[in-house]
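J.: sequence unknown, structure follows:
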């Protein structure tokens, strides 16, 4: 009995020793990752180049095709095991001339509006369109007005994002639907165009664009976004003169589809090269900005994970792979191409970075409860880097198609307070990037990749 | 027995009900606090006024005296129960003319240096001083050089803050000592002036100032700060020409002490008016900036706690009091005056906000383990607002003198990644403030005040 007790104690001590040693080794590896990311500021360097040279890189545009070549060169220069392009056909929607919006009113005065066409919109007639405006807060308002009061008019959806919500993604989620489907709803009642208050809690002077979708059942009418400040102004002018005229002119057009690419690079695993830990952000961005936070940040951060593994001499057991996605903003054609090609290949995890290059909090995890618990068991290793958030939730639209293949999905969650000040607007520029915050996002994902590679899920 | 079991179950149910109801009431109160702070953006409004009208408000300056009147008026307009000024005598150090720093070298070229005098420095001679430069990384370097190689020269302490540290306060703490005591150390070996690399991990073109202290045992020599970029430049030029000359001219001076004030306002407690929950930030800032993050933010946030209590109709049981402190940057004379006056009064907690107006994480707590545990038991109420940090640690220099009176102390802890990019430099301006991040700091402290008022410590 005494022997049994002694041997049990010995086993326990060994186990404790091994656990402590492993924890120390992990803690040191993660420290090396963060130190490297905060001193060799390669994500920031790449993002400066990308945004400086290839701004306005909406999928299908000449800029986006040049950006693909740039990303391929960046990966090739990193001397990875494999770098390749993965083809996808993308829409080629083009904004055309800068849009015009003019309020014309004897009572309220004449004013230029800060507007832009929404992604995928049809244009106005070449000479523009002029009509009266009806303001609504939501679809209930629109229904109450009915066809009689809407027909032949421009519907102005003025639904402010709720600033009282702590979670800015929730505030955005509460209004983005008006942008996406507002034109369909307005057309149903006979509207000739739809202008939507920009989907942001910020009070600013520039329109925030984004995708909008038509339905086959109703007319396609021009769909535009107006800056939040001009939405407030227009609302005021409409109170002064409900019969004011709004002149709108856009020349956006849908060009033939174009061949584009995801850019993929990987370091082969030393033990399980056939098993993949994938991570990525998207290269494309809206055509009115540099796409620094959305999503140049995610693209350069996920590329830089591979550099860090080499730099701190971590040799992953599984293959670790970056996918720089094409066409997140319009149709996610890159995501679909990747998910299709991934069938039959084993992905043990996929991570997406597409919420801006801000101080990271942790991850939103779309996986089984057991897998989430396992990730939460690593919390003490990550808390010294301000990482406290490891909760069940959505990941990101570029990796979500891998879910049906049983892949555990992770979305990098950074502090979100500033994101929608910039999102889809001219304000999403490189000067809004803080070097340390950006680099910390890189390190956070590299640390998660290290832990998944070491312990599985 | 059955009766006993039933009555036990009944008690348990009652207890659970009461606990759940209390939790719900707390949760709702905290939600109202955050909603109010994110919609009625009064902290931001006040900060715009303060920084726009009263920038460069170093204690003793005319600007600081005007700012005191401004803060008094703000508090009086809030219709609090009591508003008063608390006198303190402060130093009046004045920078004089903008400083000159010129590298003069045939080999390395002539260059202007971006420099400024450190707070409390003596001036150079009126015509300036010109001398050779010795560069050191630390005091060991200085000791090795010894009097022979240092005497008659300008000591240039070029010790970069360590960017690899996640915690930027640790990086700052690793170098700020050279700023504070570098002139004393250099003078000990006969140096004629000391210039210190700015205490920041950022690479920028403006000097970051801050207090420095002399010792009675050695000569007082001019003490200056040089921008990090020019520290790198000077180091390079010294490699090209170790005998280059550096011309320095400063005209700072110590004027007679001035009477200034803390500004105090309070809402009297309904049940324990004699027991005080105190909170504050400091009104003074360095004389080369607007002091938006340091510490206009803390001043307006703590003022705004009182507004929120009135706005959401919370009637505190204890007296809740803001102290807008004077003279944090030089000598903490306001802090000393308050602590002296507080003797014999019961403070049940004191909170300081002096780490910038960034997204809040929680609090650093200088209190007993039991008190910290109690605060941690509120975590679930605060986590929905990203507040995860409630750890033992220092509070802030304006409230630390209350520690000897047994007061539990709290320092608001925001995300620190950007703070030292701005700290004590011209870059600490209102445009670096994000409205939501600032307002969240206000709400975070108001929520803590509410919980302490409700449950004690």
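T.: That came through, no problem. These numbers were taken from a predicted model, which means no experiment stands behind them.
J.: identify the residues contacting the most centrally placed residue in chain A.
T.: Centrality entry for chain A: nearest residue to the mean C-alpha point is residue A:354, 3.5 Å, by Cα atoms, centre = their mean. Neighbour list for residue A:354: A:281, A:282, A:294, A:295, A:298, A:328, A:396, A:397, A:398, A:411, A:412 [criterion: Cβ atoms under 8 Å, 6 or more residues apart in numbering or on different chains]. C-betas here are computed from N, CA, C, even on glycine.
J.: just checking, the second one touches residue A:295?
T.: Yes. Under the criterion of Cβ atoms under 8 Å, residue A:282 makes contact with residue A:295 at 4.7 Å.
J.: give me the common contacts of these two.
T.: Taking Cβ under 8 Å, 6+ apart as the contact rule, residue A:282 and residue A:295 both touch A:328, A:354.
J.: OK, contacts around the closest residue to residue A:147 other than its chain neighbours?
T.: Distances taken as Cβ to Cβ, 6 or more residues apart in numbering or on different chains put residue A:189 closest to residue A:147, at 4.8 Å, once the chain neighbours are dropped. Neighbouring residues of residue A:189 by Cβ under 8 Å, 6+ apart: A:142, A:145, A:146, A:147, A:150, A:151, A:155.
J.: the same query, at a cut-off of 10 Å, please.
T.: The contact partners of residue A:189, by Cβ atoms under 10 Å, 6 or more residues apart in numbering or on different chains, come to A:134, A:136, A:142-143, A:145-151, A:153, A:155, A:218.
J.: between these, which is closest to residue B:432?
T.: Comparing those against residue B:432 with Cβ to Cβ places residue A:136 closest, at 37.6 Å.
J.: check contacts around that closest one.
T.: Counted by Cβ under 10 Å, 6+ apart, residue A:136 has contacts A:142-145, A:150, A:155-159, A:178, A:182, A:185-186, A:189.
J.: which element is residue A:70 on?
T.: helix A:62-77 (DSSP states H and E).
J.: now do the helix or strand hosting residue A:411, average pLDDT.
T.: Here residue A:411, judged by DSSP H and E, is contained in strand A:409-414. Averaged across strand A:409-414, the pLDDT comes to 98.
J.: parallel or antiparallel, which strands does it pair with?
T.: strand A:346-352 (parallel), strand A:360-366 (antiparallel) (DSSP bridges).
J.: can you tell if the helix or strand just after the last one touches chain B?
T.: What it means is strand A:360-366. Later in the chain than strand A:360-366, the nearest helix or strand by DSSP H and E is helix A:369-376. No. Helix A:369-376 is not in contact with chain B by Cβ under 10 Å from any Cβ of the partner chain; minimum separation 13.4 Å.
J.: the residue in the stretch 251-400 of chain A positioned nearest to chain B and residue B:443, how far apart?
T.: Nearest residue of the stretch 251-400 of chain A to chain B: residue A:388, at 4.1 Å (Cβ to the nearest Cβ). Residue A:388 sits 19 Å away from residue B:443, going by Cβ to Cβ, to the nearest Å.
J.: more crowded one of these two?
T.: Neighbour comparison, residue A:388 and residue B:443: the larger count goes to residue B:443, with 27 against 18 (by other Cβ atoms under 10 Å in any protein chain shown).
J.: quick one: contacts for that one?
T.: Residue B:443 touches A:166, B:30-38, B:43, B:301, B:304-305, B:308, B:360, B:385, B:387, counting by Cβ under 10 Å, 6+ apart.
J.: among those, which lie within strands?
T.: residue B:360 (DSSP state E).
J.: and the contacts of residue B:443, which are buried?
T.: Listed as buried from the contacts of residue B:443 are A:166, B:30-38, B:43, B:301, B:304-305, B:308, B:360, B:385, B:387; burial here means 16 or more other Cβ atoms under 10 Å in any protein chain shown.
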